[in-house]
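Trainee: A structural model of the following input is requested.
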Amino acid sequence: MPFFVDSSALVKLVIAERESRALAEALAPERLVSSVVAVVEVLRASRRAGGDVAAERAARVLDRVELVGVSASVTERAASLTPRELRSLDAIQLASALEVRAVVSALVAYDERLLQAAAAAELETLSPR
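Mentor: As a prediction, the model looks like this:
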């Protein structure tokens, strides 16, 4: 079953961080799914951290990801998610994951607010370290 992967995790596949190796090993054999907003978040974060070379690596990582569009039901769900402190793009990611929860095994992320909101929504989470 594929993993739903948040931008906070996808960036770790582009820019080497402490968790990058464990994450890459955990995700290697699996299909990946994310919200279409990940394209913007991952490319911008990668370019900011590592310039055009990192942005090219990010594009290759994103090529591996099946993207979920931002439908009316996703936006409605994202607008109503708790806690209120959950950032807007994280709410869209979580609402997207909830939209496809029947076909993904877990939400992979490293953002603590997002992980807490996912757990509150009874969505399995994973943060390989």
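Trainee: please make it C-alpha for all contacts and neighbour counts, starting now.
Mentor: Fine.
Trainee: ok, residue 99 - contacts?
Mentor: Residues near residue 99 by C-alpha atoms under 8 Å, 6 or more residues apart in numbering: residue 74.
Trainee: would you quantify the distance from it to residue 129?
Mentor: 27 Å (C-alpha to C-alpha, to the nearest Å).
Trainee: could you do residue 56 as well?
Mentor: On the measure of C-alpha to C-alpha, residue 56 and residue 129 end up 25 Å apart.
Trainee: what does residue 98 give?
Mentor: 24 Å.
Trainee: between those two, which one's more packed in?
Mentor: residue 98 (21 against 11; other C-alpha atoms under 10 Å).
Trainee: that's a strand at the more buried one, yeah?
Mentor: No - going by DSSP: H, G, I helix; E, B strand; the rest coil, the assignment for residue 98 is helix, not a strand.
Trainee: I'd assumed residue 123 was in contact with it.
Mentor: Yes - contact criterion C-alpha atoms under 8 Å: residue 98 and residue 123 qualify, at 7.5 Å.
Trainee: got the buried residues for the helix or strand containing residue 76?
Mentor: Using DSSP states H and E, residue 76 sits in helix 72-80. Of the residues in helix 72-80, those buried by neighbour count under the rule 16 or more other C-alpha atoms under 10 Å are 74, 77, 78.
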